[in-house]
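1. Just a sequence and a predicted model for now, questions to come.
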Amino acid sequence: MILFRYLTREVLLTMSAVAGILLLIIMGSRFIRYFSSAAEGDFPITILGNLMLLHLPGFMELILPLAFFLGILLAYGQLYMNSEITVMVACGVSPTRLLKVTLLPAMLVAALVGLCSLWLTPLGTLNTETMLEEQRSRLDVSVLAPGRFQEFGQGRTAYISEFSDDGKKMENVFVHELGDRGENVHNYVTRAASGYQEIRSDTGSRFLVLQDGERYGVTPGRLEAERLTFERYTLRLGATRERQSFDSFEVASTAALFANPDPRAQAQWQWRAGLPLMVFILALMAQPLSKVNPRQGRFGKLLPAVFLYVAYLSLLLAAVDTIGSGAWPVAVGVWPVHGLFLGLGLLLLWHSQRKGMR
């Protein structure tokens, strides 16, 4: 029990450090991408935190297997460097028992990966797509950034100088609209000292209410122009839409995918179900790969191990695409890829034990 707690703690602590670094890199890259889109007015910056949180399970289902794989390599590599595993073997700890100790935390990691891949990731993807679709369909002043000309939907371009302290009132509003008048395109330019958004509770319609301004109408190629001075002018932005439904296999539930005979649905289901299995196979390969000579250093086999993981993941993705396109039988599926690396892991383990006995 003491040996189990010691090895498990070493592996999980190393895995947590690796997972934290990888998660920071990946989420940082996605944050920059979303922040740029928010700055361009694609969606309000207030939902940025929700988007990052919804993407977290999708990141974790790929990060955790790699982090666990590297955690075993680094933790056991350090134990080999310190000759601790040599002492364990001398005290009667067989390689088989060491493998059993390794597979026990693998069950915990596989459960977390399965929770993400089978439930949390599709749910998060569905909520993300719904949220972004609602923001694309809505014409909301919350997407506007002060000091920028931004597309505002329905051929409108808007500019505001600043928001009030509570974020509800806009100062120095400029709105350009395009409208058809016969065969000509009519331009409307509206300037106002201030404005705010108003939502009618009975209909759900949204309006941009402008105060103390002027509205000009000009048709290119014609000399006359229209001018309107107003104290209050209302622009209808649109009505709130119902929540959208998505017919995508990526956001479908795992039970729905399993019952769907479509090759794309079966490919997506096998991808989700195969990720927890991937954790055990990587753990099987990691134990023999972690055995290093003290002269090599603990990072001696790290680069080949990373290449092995990349090859495993690339073959899985290629198999999923091939099954989805109908070029590979659904009954065979992605399981030959898992079988290939399972056989490789058993071969590495057998070779390591045989070499140790000699």
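-> Received the coordinates, thanks.

2. Which parts of the stretch 251-358 of the chain are helices?
-> Counting by DSSP state H, counting those that start in this stretch, residue ranges of the helices within the stretch 251-358 of the chain are 254-259, 263-289, 302-324, 335-357.

3. Which one, of these, ends up nearest to M81?
-> Closest approach to M81 among the helices of the stretch 251-358 of the chain (Cβ to Cβ): helix 302-324, 12.9 Å. Every C-beta, even on glycine, is put in place using the N, C-alpha and C of the backbone.

4. angle of that closest one against helix 335-357?
-> Inter-element angle recorded for helix 302-324 and helix 335-357: 160 degrees (by axes from the mean of the first three to the mean of the last three Cα atoms, to 10 degrees).

5. Can you tell me which residue sits nearest the middle of this structure?
-> Of all residues in the chain, the one closest to the mean position by Cα atoms, centre = their mean is H55, 3.7 Å from it.

6. Looking at that residue now. What's its pLDDT?
-> The per-residue pLDDT reported for H55 equals 89.

7. tell me the contacts of it?
-> For H55, the set of contacting residues under the criterion of Cβ atoms under 8 Å, 6 or more residues apart in numbering consists of 27, 30, 124, 128.

8. Tell me the one of those nearest T190?
-> Nearest to T190 among the contacts of H55: T128, at 34.6 Å, using Cβ to Cβ.

9. Correct me if wrong: that closest one contacts L54.
-> Yes: here T128 lies in contact with L54, judged by Cβ atoms under 8 Å, at a distance of 4.7 Å.

10. what angle sits between the one helix or strand the residue nearest to the centre of the chain maps to and helix 302-324?
-> Under the criterion of DSSP states H and E, H55 resides in helix 48-81. Between the axis of helix 48-81 and that of helix 302-324 there is an angle of 130 degrees, by the same axes, to 10 degrees.

11. contacting residues around D262?
-> Contacts of D262 were listed using Cβ under 8 Å, 6+ apart, and they are F249.

12. what helices or strands is the helix or strand where G20 lies leaning on?
-> Secondary structure from DSSP H and E places G20 in helix 2-39. Counting contacts by 3 or more Cβ pairs under 8 Å, 6 or more residues apart in numbering; DSSP states H and E, helix 2-39 packs against helix 48-81, helix 95-115.

13. and the last one, how far out from the chain's middle?
-> Looking back up the chat, that one is helix 95-115. The chain centroid and the centroid of helix 95-115 are separated by 25 Å under Cα atoms, centre = their mean, to the nearest Å.

14. what's it in contact with?
-> By Cβ under 8 Å, 6+ apart, the surrounding residues in contact with helix 95-115 are 3-4, 7-8, 11-12, 15, 60-61, 64-65, 68, 72, 85, 88-89, 275-280, 283-284, 286-287, 349, 352-353, 356.

15. out of those, which are buried?
-> Those of those that meet the buried threshold are 7-8, 11-12, 15, 60-61, 64-65, 68, 72, 85, 88, 275-280, 283-284, 286-287, 349, 352, by 16 or more other Cβ atoms under 10 Å.

16. Checking my notes, V173 in a strand, right?
-> Yes: note on V173: a strand contains this position according to DSSP: H, G, I helix; E, B strand; the rest coil.

17. Look up how far K301 lies from F307.
-> F307 sits 10 Å away from K301 when distances are taken as Cβ to Cβ, to the nearest Å.

18. Of these two, which one has the most company?
-> A count of neighbours by other Cβ atoms under 10 Å puts K301 above the other of F307 and K301, at 19 against 10.

19. from memory the more buried one sits against Y76, does it?
-> No: taking contact to mean Cβ under 8 Å, the distance of 10.5 Å between K301 and Y76 leaves them out of contact.

20. list residues touching both of these two?
-> Overlap of the contact sets of K301 and Y76 (by Cβ under 8 Å, 6+ apart) consists of S290.

21. looking at the helices and strands packed on helix 2-39, which is buried most?
-> helix 48-81 (a mean of 21; mean count of other Cβ atoms under 10 Å).

22. Now do that helix: distance to the chain's middle.
-> Taking the mean of its C-alpha atoms, helix 48-81 sits 14 Å from the chain's own mean (Cα atoms, centre = their mean).

23. avg pLDDT for the helix or strand just after that helix?
-> Downstream of helix 48-81, the next assigned helix or strand under DSSP H and E is helix 84-90. When pLDDT is averaged over helix 84-90, the result is 73.

24. now do stretch 146-162
-> Stretch 146-162 shows an average pLDDT of 78 in the prediction.

25. Brilliant, that's me finished.
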